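Student: Take this sequence and fold it.
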Amino acid sequence: MSTAPPSATALVQTHLADLGIPADYGRLRGLPEHPEATELVTARTLKDGRELKLAPDAAAAWLALQAAGLQDGVELLLISGFRSLAHQRGIIERKLAAGETLEAILQVNAAPGYSEHHTGRAVDIGTPGCPPLSEGFEDTAAFLWLTARSAEFGFWLSYPRNNHHGLIYEPWHWLFQPPTLSGQIPLRT
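Tutor: Numbering: from 1, shown residues only. All right, here's what the predicted structure looks like:
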C-alpha cells in the first residue's frame, strides 16, 4: 500500500518543528506560506556554473528591468533567486551549527515555507562596487533607480525599514508582483 506524499503545509510544519520554530510562526510574523515554484528558468549563470533560477514570468520581468537599468547607466546584478524549502532549512541549520540563536537567524532569514524565494518571484539584487546583501545597497544609484522605476516592471521592495514581519531591512530584496488584469497593483502581504 502506497502513501500519499505529505502536503506542502505538512512539510512546512515538519521543517518548523525540526528547527524548533513555533508552528504559528507565519501568523505571528504576518507572513503567508509560500509554495515552491514548479516551473523555473535560468535567469543568470554565475562564473562557477551555478544557475540562478526564477519563475518564467519573473525571469522575463527581471531581464527587462535589468536591460532598462543598463539603458539608464545602472548595472543590476541578480544575486539570488529561487530557493527550495530544503535550501532554506539548510541555511538555518548552518547558522544554528555556527552558534547563532534561532531568534537572530529569523530576523535575517524567513523560516522554510515563508520565504518569498520559494515562489521563484523574489530577487536579491546587487550592483558593482557594493558588497552583496548589505544595507549599503540603499546608498547606490541602483537602489535609487529601483525605487523610481521597479514598479513599472512589477517589482516591489519586500522588507522596508521597520517592517511588521520582524525581518531586517533588506534594500536588496524585491518581489515580482505584476499588476492584475484590472490594472490594479496587487495587495502586498
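
Student: Going by C-alpha atoms from here, please, whenever you check contacts or count neighbours.
Tutor: OK.

Student: what comes up buried for the least confident helix or strand in the chain by mean pLDDT?
Tutor: When the helices and strands of the chain are scored by mean pLDDT, DSSP states H and E, helix 8-19 comes last with a mean of 92. For helix 8-19, the neighbour count (16 or more other Cα atoms under 10 Å) marks 12-16, 19 as buried.

Student: And stretch 150-169, by the same measure?
Tutor: For stretch 150-169, burial by neighbour count (16+ other Cα under 10 Å) applies to 150-151, 153-159, 165-169.

Student: next one: stretch 165-184
Tutor: Buried-residue list, stretch 165-184, by 16+ other Cα under 10 Å: 165-179.

Student: Also stretch 23-38?
Tutor: Neighbour count says stretch 23-38 has 25-26, 31, 33-37 buried, by 16+ other Cα under 10 Å.

Student: do stretch 89-107 as well
Tutor: 89, 92-93, 102, 105-106.

Student: Report the distance from it to the chain centre.
Tutor: 17 Å (Cα atoms, centre = their mean, to the nearest Å).

Student: for that stretch, what is the average pLDDT?
Tutor: Averaging pLDDT along stretch 89-107 yields 98.

Student: can you count the residues close to residue 116?
Tutor: 26 (other Cα atoms under 10 Å).

Student: where along the protein do the helices fall?
Tutor: Assigned by DSSP state H, the chain shows helices spanning 8-19, 25-29, 56-71, 85-97, 102-108, 141-149.

Student: Return the distance of the last one from the chain's centre.
Tutor: Meaning helix 141-149. 18 Å.

Student: Could you list the buried residues of that helix?
Tutor: Buried residues in helix 141-149 (16+ other Cα under 10 Å): 142-143, 145-146, 149.

Student: Closest to residue 112 out of the buried residues of stretch 89-107?
Tutor: Nearest to residue 112 among the buried residues of stretch 89-107: residue 89, at 5.6 Å, using Cα to Cα.

Student: I figured that closest one hits residue 111, correct?
Tutor: Yes. Contact criterion Cα atoms under 8 Å: residue 89 and residue 111 qualify, at 7.3 Å.

Student: got a pLDDT number for the closest residue in space to residue 89 that isn't next to it in sequence?
Tutor: Leaving aside its sequence neighbours, residue 89 sits nearest to residue 112 (Cα to Cα, 6 or more residues apart in numbering; 5.6 Å). The model reports residue 112 with a pLDDT of 97.

Student: same check, this time on residue 178
Tutor: For residue 178, the pLDDT comes out at 77.

Student: so which of the buried residues of stretch 150-169 comes closest to residue 117?
Tutor: Within the buried residues of stretch 150-169, the smallest distance to residue 117 is 11.2 Å, found for residue 158 (Cα to Cα).
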